[in-house]
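> Sequence below, structure please.
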Amino acid sequence: MKVVILAGGRGTRISEESQLKPKPMIDIGGKPILWHIMKTYSYYGFDDFIICCGYKGQIIKEYFINYYVNQSDSTFMLKNRETVVHETFAEAWKVTLANTGLNTLTAGRVLKIKDYIGDDQEFFLTYGDGVSNVNIQKLLAFHHLNKRLATITATQPSGRFGALKINNEINQVIGFKEKARSDSAWVNAGFMVLDRKVFDYLGDGSKMLEAGPFEAIAEEGQMAAYKHEGFWSPMDTMRDKEYLEELWSSGKAPWKVW
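A predicted model of the protein is given here:
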């Protein structure tokens, strides 16, 4: 089962770092936050990734091109122009890097990777700038139990994010609010499971996922909310980055399940 990660945005709210690299490549503990997200999925047995690149996507590509050498002890014989990479641990990941455009909106980015999903009936989708200790296997089991086209992981952070409207009796997403209030509103944390029929709702890809396609799916009663009461944090600002760095440095990063 493939894991699609949205990694093409500009990250303007953390421009101190994103002017040099795409936001998913900003380091937490010396590793890109993208790596932390992939480690979470990998821990639960999902190693086939599709990265939707856009802004400064070449930096993401260079990272994976050089990944094995950078993780290994290496000997460089400059005179003979030879390189020996000594055996070391490497992730068992398959990584497809898709150029989904510089200014493409999120629905368009997902639409552009449709061919890479192949004939799979379902796939994971998440944002390349948020970490969580959500149990991916339980999320998937919940999705299968509810039998809807889409399942979104919902969480309750302090307000400043767009909020979900949820029918609590049947854990169904019924709409989206523009902003969450500081009243324990549920928000979209990413970590989604989507049936391939979702592609039928993307149109020409000219909208944000939440603005059109997800609203339509929710209105049809085809979106479930997996309520996650554990840790989740985005990395939208330098303050968020410093917070995540502090957690990692303490040795108690909640998202480090591996």
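
> Find the residue closest to Ala216 in space, skipping its chain neighbours.
Excluding the flanking residues, the one nearest Ala216 by C-beta to C-beta, 6 or more residues apart in numbering is Tyr201, at 5.4 Å. Placement of C-beta: from N, CA and C, glycine included.

> Same question for Lys39.
Here the residue nearest Lys39, using C-beta to C-beta, 6+ apart, is Trp258, at 5.2 Å.

> same check, this time on Asn188
Nearest to Asn188 is Ile152, by C-beta to C-beta, 6+ apart, at 5.4 Å.

> from what I can see that neighbour touches Met223, true?
Yes - with contact defined as C-beta atoms under 8 Å, Ile152 reaches Met223; the gap is 6.4 Å.

> quick one: common contacting residues for those two?
Residues touching both Ile152 and Met223 by C-beta atoms under 8 Å, 6 or more residues apart in numbering: 173, 214.

> Between the two ends of stretch 166-186, how far is it?
Using C-alpha to C-alpha, to the nearest Å, the end-to-end distance of stretch 166-186 comes out at 8 Å.

> quick one: secondary structure of Leu97?
Following DSSP: H, G, I helix; E, B strand; the rest coil, the label given to Leu97 is strand.

> does it have beta-bridge partners, and which?
Ile51 (DSSP bridges).

> In this structure it contacts Glu62, no?
No - in this structure, Leu97 is not within contact of Glu62 by C-beta under 8 Å, at 10.1 Å.

> between those two, which one's more packed in?
Leu97 (18 against 11; other C-beta atoms under 10 Å).

> What's the separation between the more buried one and Leu125?
16 Å (C-beta to C-beta, to the nearest Å).

> now swap in His144 and tell me
For His144, the distance to Leu125 - C-beta to C-beta - is 16 Å.

> the more surrounded of these two?
Neighbour count, other C-beta under 10 Å: between His144 and Leu125, Leu125 has more, with 24 against 10.

> picking up where we left off before, give the burial count for the residue nearest to Asn188, as a bare number.
27.

> For Gly101, list the residues it contacts.
Contacts of Gly101 (C-beta under 8 Å, 6+ apart): 8, 54, 108-109, 112.

> Tabulate these (CSV), appending neighbour count, secondary structure and pLDDT.
Below are those laid out as CSV (neighbours: other C-beta atoms under 10 Å; DSSP: H, G, I helix; E, B strand; the rest coil; pLDDT from 0 to 100):
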residue, neighbour count, secondary structure, pLDDT
Gly8, 29, coil, 94
Gly54, 22, coil, 97
Gly108, 22, helix, 98
Arg109, 24, helix, 98
Lys112, 19, helix, 98
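
> Now do the SS call for Trp248.
Following three-state DSSP, the label given to Trp248 is helix.

> Run through the stretch 1-150 of the chain and note the low-pLDDT ranges.
Across the stretch 1-150 of the chain, the ranges flagged by pLDDT under 70 are 88.

> what about Tyr44, how many neighbours?
18.

> Gln71 reaches Phe89, doesn't it?
Yes - the pair Gln71 and Phe89 passes the contact test of C-beta under 8 Å, sitting 7.1 Å apart.

> More neighbours: the two, which one.
Applying other C-beta under 10 Å to Gln71 and Phe89 shows that Gln71 carries more neighbours, namely 13 against 7.

> For Ala92, which residues are in contact?
Going by C-beta under 8 Å, 6+ apart, Ala92 touches 42, 47.
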